[in-house]
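Visitor: structure for this input, please:
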Amino acid sequence: MGIRKAAFVGWLTAAPIALGQITFPPYHVEITKILHSSDPAPGIPGATVVDLGAQIDGAGKVLIDAYLSGPGITPDNNRVLWYGDQNGLAIVIRKGDPAPGVSGAFIDELWEAYVNETGLISLACYLSGPSIVPGVNARGAFVGTPGNLQKLVQAGEPAPFTEPGTVFASSSTAAIRLTDNGTVFVIYDLAGPAVNTTNDQAIYAWSPGPPQLIWRRGMAAPGTDPGVVFAWSEPCCAAFNDLGQFVSRCGLSGPGVTNQNDSGYWVLWSGGGQLVAREGFQGPQLPPGVNLFGTAFPGSNALGEVVFYATLSGPDVDSENNSAIWAGNALAPSLVMRTGDPAPDMMPGIVIASAYAAGVHPINSRGFVALYARLSGLGVNSGNDFATYLGPPGGMRLVMREGDSLPQLGAGINAGFGDAIYALNDVGDLVAVSFLTGANVTPENDKVCWVRRRGGWWAPLLRTGDVIDGRTVLAGSLYEFSPIKDCTGGSDAVLQRLNDNGEVVASPLFSDASRGVYVLHGSAAVDGDFDGDLDLQDYETLPACLAGPLFASGSPPCSYFDIDFDGDVDLRDLALFQEMFSGNEP
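Guide: Next comes the predicted model:
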């Protein structure tokens, strides 16, 4: 059972509300403890959890990666994966367990693991045992659920769609990715008599069925001249989507390739691919002659839409307008934001000084992009020069600016610098981590993790200095505090710590050096069905709760409609609800 929190005890509420002056509605955050680093290890008698981290699926269940201590715990069995919720955790796999589907082999080390929206789990492992030859077949990839893991591929096996004798190599670059619809990608080096440094890495997809070759070093690069091939890709920082597509920055070699045109962005799939944009070539929707100069990491969503960033060169390009971000259809991406352009939702004279992708692969399945921009111009100073934007290409809206007043945290508290740590889910919820400034803000409580639900308000989920179960959340750096670092909330095969229900899994470090796994779920108090918006479903719930000023609002969901927080649900609350009504739009 979760707990409601006001500094983790009771309700969190905004400043007093007056008609026509809605800034932030009251809200509630439900915090559900899953596991703590001092707890007994579920299903492992005598063992204690030492350290842990987690991901979350669409049902709010978590995949926990943890280390163990206690009697009988050795370096050969001191790591475990659990999957479940507050009602119980099941062991997925433990170091030292037999390797599923591999006779005479054991799990020597857990390399990486993922869980998708549906609860499917994928993992890549080192193997050991009588049948394992180090450097030959000591890596394996597995997919399934607790008690039903299946081997997907093992080093030493023949690599499909390659030359006879070519096998998957047992190298440290082997990796696995998993999308929301269960498409599994594996990244492996190759070995064999026909393999050399020009063709020694490949990416395969299972979707489901037999594997399909998606990319290989040395294969022809779509959209380029004959003889131009892929020299490298960056699968560690690429996106993999539900369509079985690999979306990556790649390098080139071959005729006509120079250091001015040797990288670009591609969407690749079994048997084909699409060049999105290339260094040294015309930038989409930019004046003639303005070319891409440098490229970075792209993103993608479940529909195959892309987002990417590039620096620019060409006529009239200078240090104030030399970078841009695009998003949308890979065949014709739309310009989202360029440095030097007027800043959306700002007064005239304020421009974009620089723009960054807000988090990992920030495009969701509605085509919304999250961006973090630095501002310059009229009235801009070091206390208000960063802003967060959210929306589709051509419709970016300001959702928070450094220096904004944050009455939901108390009078005199303002938003600070955020360092582009964000996660965006497929329904439009945005989670961000930022500093705080202002009244009573100290180094011990100056960082906060927010959620912006589709209704448009920001609710604090977790703040340094908060107390959970008698333990104080440690400050540390912004990155160390962040529950969403290096993760996403979309279907791009990246670690997921934000699901489509708006739930965040956090593993905060406490001042006593312990750590816990908690599921955080925030919503406005008026959100009667707790789905992150104020729509007709909430309106249908409201009449049964509209008892008038002589009757107490009672328990949820009726207590959620006590918007003016005076203990009842009356016509005043109805008027406030109508003012905040958003439908299901962001």
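
Visitor: pull up the distance across stretch 305-320, start to finish.
Guide: End-to-end distance for stretch 305-320, by C-alpha to C-alpha, to the nearest Å: 28 Å.

Visitor: what segments of the stretch 201-350 of the chain are helices?
Guide: Ranges of helices in the stretch 201-350 of the chain, per DSSP state H, counting those that start in this stretch: none exist.

Visitor: could you pull out the strands in it for me?
Guide: For the stretch 201-350 of the chain, the strands defined by DSSP state E, counting those that start in this stretch occupy 201-206, 212-216, 229-233, 239-240, 246-253, 263-269, 272-278, 291-295, 299-300, 306-313, 323-328, 334-338, 350-357.

Visitor: helices of the protein, start to end?
Guide: 478-481, 536-545, 571-580 (DSSP state H).

Visitor: let me know which of those is the nearest to Gly209.
Guide: When these are compared by C-beta to C-beta, helix 536-545 sits nearest Gly209, at 38.4 Å. C-beta here means a position set from N, CA and C on the backbone, and glycine is covered the same way.

Visitor: residue contacts, the residue nearest to Val133 when sequence neighbours are not counted?
Guide: Excluding the flanking residues, the one nearest Val133 by C-beta to C-beta, 6 or more residues apart in numbering is Gly156, at 7.7 Å. For Gly156, the contact set (C-beta atoms under 8 Å, 6 or more residues apart in numbering) comprises 133, 136-137, 167-168, 170.

Visitor: which two of those residues have the greatest separation?
Guide: Val133 and Phe168 (13.5 Å).

Visitor: compare these two (neighbour count), which wins?
Guide: With other C-beta atoms under 10 Å as the criterion, Val133 and Phe168 differ in neighbour count, and Phe168 comes out ahead with 27 against 11.

Visitor: quick check: that one touching Val153?
Guide: Yes - contact criterion C-beta atoms under 8 Å: Phe168 and Val153 qualify, at 6.3 Å.

Visitor: overlap in contacts of these two?
Guide: Common neighbours of Phe168 and Val153 (C-beta under 8 Å, 6+ apart) are Tyr188.

Visitor: phi and psi next, for the residue nearest to Val133.
Guide: Dihedral pair for Gly156: phi 100, psi -20, per degrees, to the nearest 10.

Visitor: once you drop chain neighbours, what's closest to Tyr204?
Guide: Pro211 (4.3 Å).

Visitor: any idea how far Asn116 is from the residue most central in space within the chain?
Guide: By C-alpha atoms, centre = their mean, the chain has its centre lying nearest to Thr488, at 0.7 Å. Look at Thr488 and Asn116: by C-beta to C-beta, to the nearest Å, they are 12 Å apart.

Visitor: now swap in Leu406 and tell me
Guide: 34 Å.

Visitor: tell me the mean pLDDT for stretch 112-127?
Guide: Per-region confidence: stretch 112-127 scores 94 on mean pLDDT.

Visitor: span of it from start to end?
Guide: 13 Å.

Visitor: swap in stretch 303-317?
Guide: 33 Å.

Visitor: got the buried residues for it?
Guide: Neighbour-count burial for stretch 303-317 flags 303-314, 317 (criterion: 16 or more other C-beta atoms under 10 Å).

Visitor: now do stretch 404-415
Guide: In stretch 404-415, counting by 16+ other C-beta under 10 Å, buried: 404, 406, 408-409, 413-415.

Visitor: identify the farthest-apart pair in those residues.
Guide: Longest span within the buried residues of stretch 404-415, C-beta to C-beta: Gln408 and Asn414, 12.0 Å.

Visitor: output the below-cut-off pLDDT ranges for the stretch 401-550 of the chain.
Guide: For the stretch 401-550 of the chain, the stretches flagged by pLDDT under 70 are 454-457, 491, 523-534.

Visitor: mind listing the strands for it?
Guide: Listed in chain order (using DSSP E, counting those that start in this stretch), the strands of the stretch 401-550 of the chain are 413-415, 422-424, 430-438, 447-452, 458-463, 467-468, 471-472, 503-506, 516-524.

Visitor: nearest to Pro160, of those?
Guide: strand 422-424 (34.5 Å).

Visitor: any residues touching the closest one, and which ones?
Guide: By C-beta under 8 Å, 6+ apart, strand 422-424 touches 358-360, 362-364, 368, 370, 372, 388, 390, 430-433, 484, 487-490, 497-498, 504.

Visitor: and with 7 Å instead?
Guide: 358-359, 362, 364, 368, 370, 430-432, 484, 487-490, 497-498 (C-beta atoms under 7 Å, 6 or more residues apart in numbering).

Visitor: what of stretch 275-294?
Guide: So stretch 275-294 is in contact with 222-224, 260-267, 295, 306, 308, 310-315, 317, 324, 326, 330, 333-335, going by C-beta under 7 Å, 6+ apart.

Visitor: what about Ile93, neighbour count?
Guide: Ile93 has 24 nearby residues by other C-beta under 10 Å.

Visitor: that one and Trp82: what is the separation?
Guide: On the measure of C-beta to C-beta, Ile93 and Trp82 end up 10 Å apart.

Visitor: check Asp469 too.
Guide: Distance from Asp469 to Trp82, by C-beta to C-beta: 19 Å.

Visitor: and those two? which has more neighbours close in?
Guide: Trp82 (27 against 13).

Visitor: bridged to the residue nearest to the more buried one when sequence neighbours are not counted, which residues?
Guide: Excluding the flanking residues, the one nearest Trp82 by C-beta to C-beta, 6+ apart is Leu89, at 4.0 Å. Counting by DSSP bridges, Leu89 forms beta bridges with Gly84.

Visitor: gap between the two ends of stretch 117-131?
Guide: Start-to-end, stretch 117-131 (C-alpha to C-alpha) is 35 Å.

Visitor: and that stretch, what's buried?
Guide: Of the residues in stretch 117-131, those buried (16+ other C-beta under 10 Å) are 117, 120-128.

Visitor: need these in JSON lines (columns: distance to Ser207).
Guide: Below are the buried residues of stretch 117-131 laid out as JSON lines (distance: C-beta to C-beta, whole Å):
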{"residue": "Glu117", "distance to Ser207": "16"}
{"residue": "Leu120", "distance to Ser207": "13"}
{"residue": "Ile121", "distance to Ser207": "17"}
{"residue": "Ser122", "distance to Ser207": "13"}
{"residue": "Leu123", "distance to Ser207": "18"}
{"residue": "Ala124", "distance to Ser207": "18"}
{"residue": "Cys125", "distance to Ser207": "22"}
{"residue": "Tyr126", "distance to Ser207": "26"}
{"residue": "Leu127", "distance to Ser207": "25"}
{"residue": "Ser128", "distance to Ser207": "30"}
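
Visitor: and the furthest pair within those residues?
Guide: Going by C-beta to C-beta, the pair spanning these furthest: Glu117 and Ser128, at 32.8 Å.

Visitor: quick check: the gap between His484 and Ala175.
Guide: Slight slip there: residue 484 is Ile, not His. 21 Å.

Visitor: the two: who's more crowded?
Guide: Ile484 (26 against 17).

Visitor: pretty sure Asp65 contacts Gly53?
Guide: Yes - using C-beta atoms under 7 Å, Asp65 makes contact with Gly53 at a distance of 5.5 Å.

Visitor: what's around the residue nearest to Val184 when sequence neighbours are not counted, how many residues?
Guide: Distances taken as C-beta to C-beta, 6+ apart place Trp206 nearest to Val184, at 4.5 Å, with adjacent residues excluded. Residues lying near Trp206 (other C-beta under 10 Å) number 20.

Visitor: ok, now how distant is Trp206 from Val247?
Guide: 18 Å.

Visitor: do Leu152 as well
Guide: Taken as C-beta to C-beta, the span from Leu152 to Val247 is 21 Å.

Visitor: these two - which one has more neighbours?
Guide: A count of neighbours by other C-beta under 10 Å puts Val247 above the other of Leu152 and Val247, at 29 against 21.

Visitor: still on that earlier bit, Throw the helices of the chain into a markdown table and include distance to Gly101 and mean neighbour count, thanks.
Guide: Supplementary listing: those in a markdown table, determined by distance: least, C-beta to C-beta, whole Å; neighbours: other C-beta atoms under 10 Å:
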| stretch | distance to Gly101 | mean neighbour count |
| --- | --- | --- |
| helix 478-481 | 38 | 17 |
| helix 536-545 | 45 | 15 |
| helix 571-580 | 54 | 16 |
